[in-house]
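Enquirer: quick one, fold the following:
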Amino acid sequence: MNASSSSETSAAVQHHRRRLRKVRRWLVVVLVCVAMLGLLGLTAVRRDAASLLQPESLLELLIWFGSVLVVLVALAGVYSVMVDFVFWEGWMNGLPDPSRLFTADEEASGRHQHYVVYLDGIHQSEESHPPRVSDFLGCLEESIAEDTMLVKGIEAYTITNAGLRSTTFAGWLWQRLFALQEHHPNGLVRFICAFCVQANNVIKVGISSDRRYGPVMNYELALKIARRLDAIGFRPHQASRIILVGYSGGGEMAIGTAEILQQLCRVRVQVITICGVFSGNGELESVNDVAMVVGSQDPVAAFGRIAYPGRLSFLQLSNWNCWQRHHSLQRYMIEGMSHNGSSGPFSTAFRGAVVEAICRELERSLLSPPQRIPH
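Expert: So this is what the prediction gives:
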């Protein structure tokens with residue numbers, strides 16, 4: 001029976017791999033076609049460069065350029081959804097069994113009771129963080145209590161334990177895009193490559209906020225976080241809580257995964273967003289503590305509230321407003337802070353204020369009443 005079952009499983013895996021190879025071939029064909037169209041357009045531009053000074057030619061060029069971007073965004077969207085469901089359906093050796101989490105060294109006890117998990121914004125392309133973010137995380141790590149561990153380097157926009165450069169089926173594409181983004185002499189090429197990376201992550205945020213497809217990706221990310229916690233020694237019997245700190249689009253990923261992570265890890269999970277762009281569509285019924293660190297000069301977070309109308313106060317039946325009627329949302333306003341750059345939360349001007357707000361929320365939430373974790 002075991003041999004028969006193993007043979008059937010092997011045959012199913014081979015069948016799925018053949019299907020995936022077909023999908024990959026079609027995706028490569030589409031990318032090649034887009035590249036050829038781009039080369040043809042570039043040839044035409046070089047041949048008729050003098051005519052670009054005419055207004056009608058500039059308009060035509062902008063339309064062509066916009067069309068290419070639309071195609072690239074659509075391809076990035078198809079890729080994002082396809083990879084999530086390929087993983088879900090078991091084409092990449094299946095989802096890990098969550099029942100095997102936290103089973104080793106059950107009797108071991110460590111000195112950490114609280115785990116702060118940082119989820120970066122849409123600029124993230126690999127596990128390591130940019131210098132400004134790294135400096136901010138270093139400052140936060142020095143400010144939190146000794147019984148609190150800061151977990152860094154989680155890539156929130158891939159489903160496996162790797163950044164875009166190391167993804168199984170498209171690492172070659174992302175590596176090429178990163179190389180062009182960093183070293184190509186043409187500024188337009190660098191911009192398009194950076195745009196593709198950002199588009200992939202923005203689409204991931206959009207998928208997370210979607211009620212149809214979001215639960216699939218949010219579960220995968222929650223399982224990824226739980227596996228990282230398991231690897232660093234987290235044990236439910238000795239831990240008190242997990243705190244998800246999400247910057248910008250990472251706020252959506254944090255809210256989307258909070259309740260699922262709470263069930264996987266069997267401890268209280270709370271969320272802190274920094275300049276958060278999120279929908280509020282995530283399941284939050286059993287999550288009591290959500291806090292927002294907000295900049296008074298942050299147009300991106302303000303636009304996010306408009307982009308996700310479920311957070312508007314007059315839509316009383318929305319998921320977010322229903323949650324607020326039964327829970328207390330904490331807001332920490334920082335005057336003068338913007339979304340990024342020299343006036344953003346990672347700048348030297350506001351880094352200390354953001355860290356102080358996070359530490360205040362960590363201390364405040366310690367006084368919250370005990371929380372029953374549903375199973």
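Enquirer: when you work out contacts or count neighbours from here on, use the C-alpha atoms and nothing else.
Expert: Noted.
Enquirer: tell me which helix or strand in the chain has the weakest average pLDDT.
Expert: helix 2-47 (a mean of 55; mean pLDDT, DSSP states H and E).
Enquirer: domain boundaries for the protein, per the record?
Expert: As assigned by automatic domain parsing, the chain contains the domains 2-93, 111-163+214-366.
Enquirer: going by mean pLDDT, which of the ones you listed comes out lowest?
Expert: Note on the domains of the chain: lowest mean pLDDT is at domain 2-93, with a mean of 58.
Enquirer: host element of A226?
Expert: helix 214-231 (DSSP states H and E).
Enquirer: quick one, phi psi at I334?
Expert: phi -120, psi 110 (degrees, to the nearest 10).
Enquirer: who does the helix holding A226 touch, helix- and strand-wise?
Expert: helix 55-88, helix 187-209, helix 250-265 (3 or more C-alpha pairs under 8 Å, 6 or more residues apart in numbering; DSSP states H and E).
Enquirer: what is the burial count for G121?
Expert: Residue neighbour count, defined by other C-alpha atoms under 10 Å, stands at 26 for G121.
Enquirer: how close does it get to D230?
Expert: 24 Å (C-alpha to C-alpha, to the nearest Å).
Enquirer: for P236, same thing?
Expert: In terms of C-alpha to C-alpha, P236 sits 10 Å off from D230.
Enquirer: what residues are shared contacts of these two?
Expert: Listed as contacting both P236 and D230 by C-alpha atoms under 8 Å, 6 or more residues apart in numbering are F102.
Enquirer: export stretch 208-220 as PDB, just CAs?
Expert: Extracted C-alpha coordinates of stretch 208-220, given in PDB (Å, rounded to 0.1, in the frame of the first residue of the first chain):
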ATOM      1  CA  SER A 208      -3.700  40.200   0.400                       C
ATOM      2  CA  SER A 209      -6.500  42.700   0.700                       C
ATOM      3  CA  ASP A 210      -8.800  40.700  -1.700                       C
ATOM      4  CA  ARG A 211     -11.500  38.600   0.100                       C
ATOM      5  CA  ARG A 212     -11.300  35.900  -2.600                       C
ATOM      6  CA  TYR A 213      -7.600  35.300  -3.100                       C
ATOM      7  CA  GLY A 214      -6.200  37.000   0.000                       C
ATOM      8  CA  PRO A 215      -6.800  34.100   2.500                       C
ATOM      9  CA  VAL A 216      -4.600  31.800   0.400                       C
ATOM     10  CA  MET A 217      -1.600  34.200   0.300                       C
ATOM     11  CA  ASN A 218      -2.100  35.300   3.900                       C
ATOM     12  CA  TYR A 219      -2.000  31.700   5.100                       C
ATOM     13  CA  GLU A 220       1.200  31.100   3.100                       C
END
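Enquirer: show me what counts as buried in that stretch.
Expert: For stretch 208-220, a neighbour-count test (16 or more other C-alpha atoms under 10 Å) marks 208-210, 214-220 as buried.
Enquirer: which of these sits closest to R305?
Expert: Of all these, R305 sits closest to S209, with 12.8 Å by C-alpha to C-alpha.
Enquirer: that closest one against E283, yeah?
Expert: No. If you go by C-alpha atoms under 8 Å, S209 and E283 don't touch, sitting 10.3 Å apart.
Enquirer: mind listing the shared neighbours of those two?
Expert: Contacts common to S209 and E283, judged by C-alpha under 8 Å, 6+ apart, are G256.
Enquirer: burial check on F314, number of neighbours?
Expert: 10.
Enquirer: how near is it to M292?
Expert: Using C-alpha to C-alpha, one gets 20 Å for the distance from F314 to M292.
Enquirer: so what's G310 up against?
Expert: So G310 contacts 279-281, 318-321 (C-alpha under 8 Å, 6+ apart).
Enquirer: sec struct for it, please.
Expert: Following DSSP: H, G, I helix; E, B strand; the rest coil, we place G310 in the helix state.
Enquirer: separation between it and P236?
Expert: In this view, G310 and P236 are 34 Å apart by C-alpha to C-alpha.
Enquirer: same deal with G256?
Expert: According to C-alpha to C-alpha, G256 and P236 sit 21 Å apart.
Enquirer: compare the two (neighbour count), which wins?
Expert: G256 (29 against 17).
Enquirer: pretty sure the more buried one contacts D210?
Expert: No. Counting by C-alpha under 8 Å, G256 stays clear of D210, with 9.7 Å between them.
Enquirer: okay, and the common contacts of these two?
Expert: Common contact partners of G256 and D210 (C-alpha under 8 Å, 6+ apart): N281.
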